[in-house]
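Peer 1: Fold the following.
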Amino acid sequence: MTTAVVKADAEQNLPARLAYSIKEVALAMGSNYWTISRAVKAGEIPSFKVGGEYRINLFAIAGLIGIPAAELEVFLADVRTQSLNAEAEAELGAPRPR
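Peer 2: Numbering: from 1, shown residues only. As a prediction, the model looks like this:
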């Protein structure tokens, strides 16, 4: 059943993810976590809550930045990968680049 859903999404050109965390958006925008968090809570960035955490719609982010959602999705995937790699290195005690 999962394969059918993935195929349908690919055929409709739907993004793999529709919503991102404040941390992911802050990294993508080159901004501070707390700056994005305050903007979300003030209603300056459209968002919704899931299980107590804010999520920001991909299309809202794309509109704020002014780039196509498809390009932003690729960029956010790269940002997420870099973030996860940095967290893994930190857990292993690897030196952080300065």
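Peer 1: Need the single longest helix in this structure, by residues.
Peer 2: If each helix of the chain is counted by residues according to DSSP state H, the longest one is helix 69-92.
Peer 1: ok, and what's touching that helix?
Peer 2: For helix 69-92, the external contacting residues (Cβ atoms under 8 Å, 6 or more residues apart in numbering) are 13, 15-17, 20, 23-24, 27-28, 58-59, 61-62, 65, 96. Using the backbone N, CA and C atoms, a C-beta is placed for each residue, glycine as well.
Peer 1: among those, which are in helices?
Peer 2: When the contacts of helix 69-92 are checked against helices using DSSP H, the ones located there are 23-24, 27-28, 58-59, 61-62, 65.
Peer 1: Now flag whichever of the residues you listed is closest to Ala39.
Peer 2: Using Cβ to Cβ, Ile61 is the member of those that sits closest to Ala39, with 11.5 Å.
Peer 1: Of all residues in this structure, which one is nearest the centre?
Peer 2: The centre of the chain sits closest to Tyr20, judged by Cα atoms, centre = their mean, with a distance of 3.6 Å.
Peer 1: Tell me who's in contact with that one.
Peer 2: The contact partners of Tyr20, taken as Cβ under 8 Å, 6+ apart, are 28, 55-56, 58, 61, 76.
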